[in-house]
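[1] Sequence unavailable; structure follows:
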């Protein structure tokens, strides 16, 4: 008789947890998605929401620094010659 009671309680607890999981899973997933969205906004500084007020329509702005002429020749690296071994 004690074995049947134990199996019965295990089944009741299993189905109760299964039911509660179905109810609470969407809420948990929504909370996780909101947290990830907030972290992404913090990481990128919320740039997508800031309107550009100083730029007129049709105006072109270049935010690129000019390259140094000495950078190209000095940063090439060392040349290594390989031979085939048969």
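    Cool, got the structure. For clarity, every value in this text was computed on a predicted model and none was experimentally measured.

[2] Secondary structure element holding residue 35?
    Element membership for residue 35, per DSSP states H and E: helix 2-44.

[3] Tell me how far that helix lies from the chain's centre.
    What separates the centre of helix 2-44 from the centre of its chain is 23 Å, taken as CA atoms, centre = their mean, to the nearest Å.

[4] Report all helices and strands that it contacts.
    In this structure, helix 2-44 makes packing contacts with no helix or strand, judged by 3 or more CB pairs under 8 Å, 6 or more residues apart in numbering; DSSP states H and E. C-betas here are computed from N, CA, C, even on glycine.

[5] residue ranges with poor pLDDT in this protein?
    Scanning the chain for pLDDT under 70 picks out 46-53, 66-76.

[6] again, 80 this time
    Low-confidence regions of the chain, defined by pLDDT under 80, span residues 45-56, 61-79, 86.

[7] what's the distance between residue 55 and residue 61?
    Distance from residue 55 to residue 61, counting by CB to CB, to the nearest Å: 6 Å.

[8] Residue 39 too?
    Distance check for residue 39 against residue 61: by CB to CB, it reads 30 Å.

[9] cool, residue 23 as well?
    52 Å.

[10] for residue 81, same thing?
    Here residue 81 is placed at a distance of 46 Å from residue 61 (CB to CB).

[11] Mind checking which of these two has more residues around it?
    Between residue 81 and residue 61, counted using other CB atoms under 10 Å, residue 61 has the larger neighbour count: 8 against 4.

[12] Give the full set of residues in contact with that one.
    residue 55 (CB atoms under 8 Å, 6 or more residues apart in numbering).

[13] where does it land in three-state SS?
    Of the three states, residue 61 takes coil under DSSP: H, G, I helix; E, B strand; the rest coil.
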